[in-house]
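K.L.:
Coordinates for the following, if possible.
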Amino acid sequence: MPRLRAVPGLRASPPALLLLSVLLFPRGCPAAQPLEPGSRSAAAAARLALQYRNFQAGSPGGLRALGQVRKATLKNIPESGHKYYLQFSTEDYRTGEDAGNCLATVLYPKKKSPPVVTIRCSHTKDQKEIQEEDNRLYQRIRHQSKPITGNNIPDSYGNIEPALEPVWALAVAGSSSIMWQKSTETLGYFLAQVKSVRQWIRKDDFVEFDYTVLLHEIPTQEIISCHMRLTWLPGHPLKVKHVCAAQSHPGDEGSGAGSGSAAGPAAEKGAIF
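P.N.:
Numbers count the residues shown, from 1 in each chain. Predicted structure coming up:
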């Protein structure tokens with residue numbers, strides 16, 4: 001995966017983002033506490049907001065990574081929890097090029113539930129181009145002569161075989177759902193590796209995969225293993241179900257996935273869903 005670079009400067013935001021900025025960063029709010037943009041907590045909240053966005057977008061061709069946090073504010077909301085107000089730049093997940101700016105809020109609830117995220121982003125990449133990239137990835141998957149299988153993606157040298165790039169991109173989008181749901185104000189996650197992947201055979205147009213993904217937990221440095229079932233069709237919401245190892249919180253579940261018949265031994269492994 002290319003090394004991500006910091007994007008110098010902010011591009012002009014469209015009117016919608018300017019208006020949202022006024023709403024997110026109201027002047028003279030005594031309960032709001034400014035944060036250093038380079039602080040760990042600000043970066044973690046911004047990264048979490050992008051994980052939520054990457055899953056909700058359901059677009060492996062439109063994945064984004066965090067560039068630089070430009071502005072961050074923290075507010076303690078009684079009976080609810082800590083709420084972060086964020087402005088940050090983003091980068092194309094694959095190329096590291098400038099992908100636009102985002103405004104987001106992240107509320108870490110006091111109760112054990114996923115963080116509540118709202119996010120709006122500007123775009124430097126044409127949306128039609130993203131849709132075409134998604135369709136290319138989809139066609140590469142559909143035109144394989146046999147079901148896709150793979151292990152250790154990327155390998156120990158950080159390399160990904162070209163034939164496995166589509167399933168890696170889908171793993172990033174799908175695991176973003178797990179990382180968003182598991183994150184707390186003190187714990188965050190990165191996708192470290194796809195330990196294994198196997199494609200399911202379906203009778204409809206959707207593609208479906210069975211993954212074992214390894215998540216790097218920050219700051220504990222634990223490696224969490226999660227089994228993930230992912231279903232995707234360009235232009236449709238990404239569907240994910242997952243079960244993580246004992247370190248995870250009970251009840252961690254993604255959205256429901258459609259049914260399919262497994263290619264080989266994955267049928268037994270998938271039966272837990």
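
K.L.:
Correct me if wrong, but L50 is in a strand.
P.N.:
No. L50: not assigned to a strand; according to DSSP: H, G, I helix; E, B strand; the rest coil it is helix.

K.L.:
Burial check on it, number of neighbours?
P.N.:
Per other CB atoms under 10 Å, the neighbour tally for L50 reads 26. For the C-beta atoms, the positions are set from N, CA and C on the backbone; glycine is no exception.

K.L.:
If I follow the layout properly, it ends up in contact with R64?
P.N.:
Yes. Here L50 lies in contact with R64, judged by CB atoms under 8 Å, at a distance of 5.6 Å.

K.L.:
So which other helices or strands are in contact with the helix or strand containing C102?
P.N.:
Using DSSP states H and E, C102 sits in strand 98-109. If you count contacts as 3 or more CB pairs under 8 Å, 6 or more residues apart in numbering; DSSP states H and E, strand 98-109 packs onto helix 15-24, helix 40-57, strand 64-77, strand 81-92, strand 116-121.

K.L.:
Mutual contacts of L50 and R64, please.
P.N.:
Shared contacts of L50 and R64, defined by CB atoms under 8 Å, 6 or more residues apart in numbering, are found at T90.

K.L.:
if we can go back for a sec, so what are the sheet partners of the strand holding C102 and their directions?
P.N.:
strand 81-92 (antiparallel), strand 116-121 (antiparallel) (DSSP bridges).

K.L.:
Spatially, what comes nearest to P60 if we skip its sequence neighbours?
P.N.:
A169 (3.5 Å; CB to CB, 6 or more residues apart in numbering).

K.L.:
Now do the phi/psi pair for the one you found.
P.N.:
Main-chain dihedrals, A169, degrees, to the nearest 10: phi -60, psi -40.

K.L.:
May I have the predicted confidence score for it?
P.N.:
Looking at A169, its pLDDT is 95.

K.L.:
That one touches G58, doesn't it?
P.N.:
No. Using CB under 8 Å, A169 is not in contact with G58, being 11.5 Å away.

K.L.:
so how far is Y108 from A72?
P.N.:
A72 sits 14 Å away from Y108, taking CB to CB, to the nearest Å as the criterion.

K.L.:
Now list whatever residues contact both of these two.
P.N.:
Y84.

K.L.:
quick one, which of those two is more surrounded?
P.N.:
Neighbour count, other CB under 10 Å: between A72 and Y108, A72 has more, with 23 against 20.

K.L.:
what sits opposite the more buried one in the beta ladder?
P.N.:
L35, L86.

K.L.:
Does it touch K83 like I think?
P.N.:
No. Applying CB under 8 Å as the test, A72 and K83 come out as separate, 11.4 Å apart.

K.L.:
quick one, what contacts Y85?
P.N.:
Y85 neighbours (CB under 8 Å, 6+ apart): L24, F25, A32, K71, A72, T73, L74, K75, A104, T105.

K.L.:
Dump the C-alpha coordinates for stretch 233-240 into PDB.
P.N.:
Presented in PDB, the C-alpha positions along stretch 233-240 are these (Å, rounded to 0.1, in the frame of the first residue of the first chain):
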ATOM      1  CA  LEU A 233     -23.000  -5.000  -5.600                       C
ATOM      2  CA  PRO A 234     -21.900  -1.600  -7.000                       C
ATOM      3  CA  GLY A 235     -24.500   1.100  -6.200                       C
ATOM      4  CA  HIS A 236     -26.000  -0.900  -3.300                       C
ATOM      5  CA  PRO A 237     -25.200  -0.700   0.500                       C
ATOM      6  CA  LEU A 238     -22.400  -2.900   1.700                       C
ATOM      7  CA  LYS A 239     -23.700  -5.700   3.900                       C
ATOM      8  CA  VAL A 240     -21.500  -7.100   6.600                       C
END
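
K.L.:
What residues of that stretch count as buried?
P.N.:
Neighbour counts over stretch 233-240 (16 or more other CB atoms under 10 Å) mark L233, P234, L238, K239, V240 as buried.

K.L.:
Stretch 115-130 now?
P.N.:
P115, V117, I119, R120, C121, S122, K125, I130.

K.L.:
got it, and stretch 174-186?
P.N.:
Under 16+ other CB under 10 Å, the buried positions of stretch 174-186 are G174, S175, S176, S177, I178, M179, W180, Q181, K182, S183, E185.
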